[in-house]
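> give me coordinates for this.
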Amino acid sequence: MPTGPTSTSRKKFRRANVQWHAGAELSAVWAAYVVATGAACTDPKTEAVLIGPIADINNRFLSASIDVGVFWKNYVAQRMDDCDLSESATTALLAAGCHEMQLDQMANVVKKRLADARAAFSGRYPKLNEQLVLRGRPLRERWDTYGEGLLRGVERQIWNNSPPDDWWPTRTSGWLVQPLVGGDGHHDGSNEKFWIEAMLTDADPAVPEVLRVAWLVTQIAIEKHTRQRSSDTALLAAWQYASIPLVLAAAADVELVRGPELPIGRAMELWKFGDAAAADKLTRWWKEFTEAPTPLPVALRKLAV
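From the prediction side, this is the model:
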């Protein structure tokens, strides 16, 4: 990992300490994003109640030459950053190319239609917070069982068991959202938080959902450390890719992953990170790294090429 102080007498704390929350509001944001971007929604009834206001928003964007994808990506990021609907919509519109002369009028329309979509989603799931608490229990319990071992395995590979005292985030919050695409999740490194679809069962037993949590927490740690301690931010993308086999190798140590080879390609597919070509490159890199180990910062330069 990029240079930074280490300590052989680290503070005692649970690496896997995650404060879990039921994210009904974030679920509505996620649902709007799924419908707006044409993702393969596994809940046709939710899609049906949202399609009216969301399609209206997208049609207005197309007429005004506003980038649809950029708006929704920025809107979700803003809401994840605890911005309210009004501020998030305005910021996302500017990022998506809305002209300042159109901004107020367009923002008012978008906010109204987003509020309509939120109301429709609430009608579909009137007691979502309570449902998410129940839906998230299997994942939380599995994290309580395996999380510490998974993160210990990751730090052993990166730091040889001597990470900096502040390597793992100590106030990570995990937000559970209603599953709509059969498993997904993203992180916000600057705020040490992530969200994840509250799947009752694993989409693929070969890559359990608890590993997605470990990967998201590891991504937060990598971003935080790179931002605070390292001037070599060019390797951040390589570190993000490398975190996938690092987590899978840690999972193999606790027998959550089995088989002669790590399921790198399948994990990338499930976690929606990179394409088939990137998976092939990462698999080859990991094979070379394990056959002829070198310090990770050195090995990563090959991955960054």
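
> now the most centrally placed residue in the chain. Its backbone dihedrals?
Nearest to the mean C-alpha position of the chain, by C-alpha atoms, centre = their mean, lies His186 at 1.4 Å. Main-chain dihedrals, His186, degrees, to the nearest 10: phi -140, psi 160.

> helices of the stretch 201-305 of the chain, start to end?
209-229, 236-253, 264-270, 276-291, 296-304 (DSSP state H, counting those that start in this stretch).

> any chance of those in a markdown table, with distance to Thr37 too?
For glycine as for every other residue, the C-beta is placed from the backbone atoms N, C-alpha and C. Formatted as a markdown table, the helices of the stretch 201-305 of the chain follow (distance: least, C-beta to C-beta, whole Å):
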| stretch | distance to Thr37 |
| --- | --- |
| helix 209-229 | 20 |
| helix 236-253 | 22 |
| helix 264-270 | 18 |
| helix 276-291 | 21 |
| helix 296-304 | 29 |
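
> turn those helices into a markdown table, including mean neighbour count and mean pLDDT.
Shown next, in a markdown table, are the helices of the stretch 201-305 of the chain (neighbours: other C-beta atoms under 10 Å; pLDDT from 0 to 100):
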| stretch | mean neighbour count | mean pLDDT |
| --- | --- | --- |
| helix 209-229 | 22 | 92 |
| helix 236-253 | 22 | 95 |
| helix 264-270 | 20 | 97 |
| helix 276-291 | 15 | 95 |
| helix 296-304 | 16 | 85 |
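
> nearest to Glu25, of those?
Evaluated over the helices of the stretch 201-305 of the chain, closeness to Glu25 peaks at helix 209-229, with 19.5 Å, by C-beta to C-beta.

> report all helices and strands that the closest one contacts.
Helix 209-229 sits against helix 137-159, strand 172-177, strand 185-188, strand 193-197, helix 236-253, helix 264-270, with contacts defined as 3 or more C-beta pairs under 8 Å, 6 or more residues apart in numbering; DSSP states H and E.

> for Ile66, which of the helices of the stretch 201-305 of the chain is the nearest?
Using C-beta to C-beta, the nearest of the helices of the stretch 201-305 of the chain to Ile66 is helix 236-253, at 27.8 Å.

> which outside residues touch the closest one?
Residues from elsewhere that reach helix 236-253 (C-beta atoms under 8 Å, 6 or more residues apart in numbering): 1, 149-154, 156-158, 207-208, 211, 214-215, 218-219, 222-223, 226, 257-258, 262-264, 267-268, 271, 273-274, 278, 282, 285-286, 296, 300-301, 303-304.

> so the residue nearest to the centre of the chain sits right up against Trp195, yeah?
Yes - in this structure, His186 is within contact of Trp195 by C-beta atoms under 8 Å, at 6.2 Å.

> anything in contact with each of these two?
Met80.

> how about stretch 159-167 as PDB, C-alpha atoms only?
Written as PDB, here are the backbone C-alpha positions of stretch 159-167 (Å, rounded to 0.1, in the frame of the first residue of the first chain):
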ATOM      1  CA  TRP A 159       0.300  -4.900   5.400                       C
ATOM      2  CA  ASN A 160       1.700  -8.200   6.600                       C
ATOM      3  CA  ASN A 161      -0.300  -7.800   9.800                       C
ATOM      4  CA  SER A 162       1.100  -4.400  10.600                       C
ATOM      5  CA  PRO A 163      -1.300  -1.800   9.200                       C
ATOM      6  CA  PRO A 164      -1.500   1.800  10.300                       C
ATOM      7  CA  ASP A 165      -3.600   2.400  13.400                       C
ATOM      8  CA  ASP A 166      -6.200   4.200  11.400                       C
ATOM      9  CA  TRP A 167      -6.300   1.900   8.400                       C
END
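
> list the buried residues in stretch 147-159.
147, 149-159 (16 or more other C-beta atoms under 10 Å).

> and those, which is closest to Leu176?
Of all the buried residues of stretch 147-159, Leu176 sits closest to Gly147, with 15.2 Å by C-beta to C-beta.

> now for the closest one: which residues touch it?
When contacts are counted by C-beta under 8 Å, 6+ apart, Gly147 touches 15-16, 18, 210, 213-214, 217.
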